[in-house]
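Participant: how would this look folded up:
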Amino acid sequence: MPPDARILLVDDEPLALRRLEIICRQISACEVVGTADNGQSAISLIAELKPDIVLLDVHMPVLDGFGLLRKLPENSPPQIIFVTAYDHYGPRAFEESAVDYLLKPVEISRLELAIGRARARKEAASAADRLEEMELLVAKLRRAAARSHSAPRWEREIWIKDRTRAYRVNADTVEWVEAARDYVVLHTGERNHIMRETMTGMEERLGRGPFIRTHRSAIVNMDHVREVVRKPSGAMMLRMMSGAKVPVGRRQATEIYEKLTDFHIGGAEDSES
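Facilitator: I've put the predicted structure just below:
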């Protein structure tokens, strides 16, 4: 079930404000997080409370409804629904990207419909923001992968020993490295190779190439990343060219993003929602 819509009420008439609050509390999945009697106070509350939706009058002292719109934050602004006694501001409200324009006295069914529209627009905007973030991350990953080939030298060949022989694996073919107790598993497109080594040791050997530590149990080759997946919970995962899914630690997601951005270790990028 989606979280309740957080709503801020803004009206300079106490009775109108109280009536709006009573109506909102009768609508499911809505939470009134605050009230304000003028636009200037509302701006402060928007910054503090970060509501999803603002129910807003037009004529108010200090700062009117349209003045408030001009001061909304650029990043993730709340959705605006005008609730007013003046019918001639409707066209201007929609030009200013208001979700809806309701006339007092507002009916609960009409307000419920407007809030539903506002929630849908908010969710669409959030999805668009996540997609843009993923696209930026993908671009950084690709730039980092391109730059990695001119970085200081790293081990391009890894020698694997078994009981009867030793053979080499080209590091370029390794999609990702997985921890396995006292061993590591090198995953390639054709087969897996097991060798006795620590993840720290592998990170030191591969850290100057297109490899990045994404989790305590995983190192990935950025050249083989197909998609960066961000789940609704905020958790991140990498999908490799082979289809393998590689975890990104929750504690490390932000650090990895910063490393990709600053190219401390390098990065490769892709996206999925």
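
Participant: ok, I7 - contacts?
Facilitator: C24, C30, E31, V32, V33, P51, D52, I53, V54, L55, I115 (C-beta atoms under 8 Å, 6 or more residues apart in numbering). From N, CA and C alone the C-beta is placed, and that goes for glycine too.

Participant: So the third one lies in a strand, does it not?
Facilitator: The one in question is E31. Yes. Per DSSP: H, G, I helix; E, B strand; the rest coil, E31 lies within a strand segment.

Participant: gap between the nearest residue to A180 once chain neighbours are set aside and V177?
Facilitator: When the adjacent residues along the chain are set aside, A180 lies closest to I194, with 7.0 Å between them (C-beta to C-beta, 6 or more residues apart in numbering). Counting by C-beta to C-beta, to the nearest Å, the separation of I194 from V177 is 11 Å.

Participant: got it, and N38?
Facilitator: For N38 relative to V177 (C-beta to C-beta), the value is 59 Å.

Participant: and if you look at A47?
Facilitator: 45 Å.

Participant: Repeat that for T35.
Facilitator: Computed as C-beta to C-beta, the T35 to V177 distance reads 55 Å.

Participant: quick one: which of those two has more around it?
Facilitator: Taking neighbours as other C-beta atoms under 10 Å, T35 and V177 compare with V177 leading, 28 against 19.

Participant: Check for me that the more buried one belongs to a helix.
Facilitator: No. For V177, which was evaluated using three-state DSSP, the result is strand, with no helix membership.

Participant: Tell me who's in contact with it.
Facilitator: V184, V185, L186, H187, M199, M202, L206, F211, A218, I219, V220.

Participant: of those residues, closest to R230?
Facilitator: V220 (15.9 Å; C-beta to C-beta).

Participant: phi, psi of that closest one?
Facilitator: Here is the backbone geometry of V220 (degrees, to the nearest 10): phi -120, psi 150.

Participant: residues near the closest residue to it other than its chain neighbours, how many?
Facilitator: The shortest distance from V220 to any non-neighbouring residue, by C-beta to C-beta, 6+ apart, is to W176 (4.4 Å). When neighbours are counted by other C-beta under 10 Å, W176 registers 23.

Participant: repeat for H187
Facilitator: Using other C-beta under 10 Å, H187 has 23 other residues around it.

Participant: for it, which residues make a bridge with it?
Facilitator: Counting by DSSP bridges, H187 forms beta bridges with W176, N192.

Participant: Quick check, it in contact with A244.
Facilitator: Yes. Applying C-beta atoms under 8 Å as the test, H187 and A244 come out as touching, 6.4 Å apart.

Participant: Name the residues contacting each of the two.
Facilitator: Each of E175, W176 lies in contact with both H187 and A244 under the rule C-beta under 8 Å, 6+ apart.

Participant: Overlap of the contact sets of I194 and V177?
Facilitator: Common neighbours of I194 and V177 (criterion: C-beta under 8 Å, 6+ apart): V184, V185, L186.

Participant: How far away from the center of its chain is stretch 109-124?
Facilitator: Centroid displacement of stretch 109-124 relative to its chain, using C-alpha atoms, centre = their mean, to the nearest Å, is 22 Å.

Participant: again with stretch 242-258
Facilitator: That offset, for stretch 242-258, works out to 14 Å (C-alpha atoms, centre = their mean).
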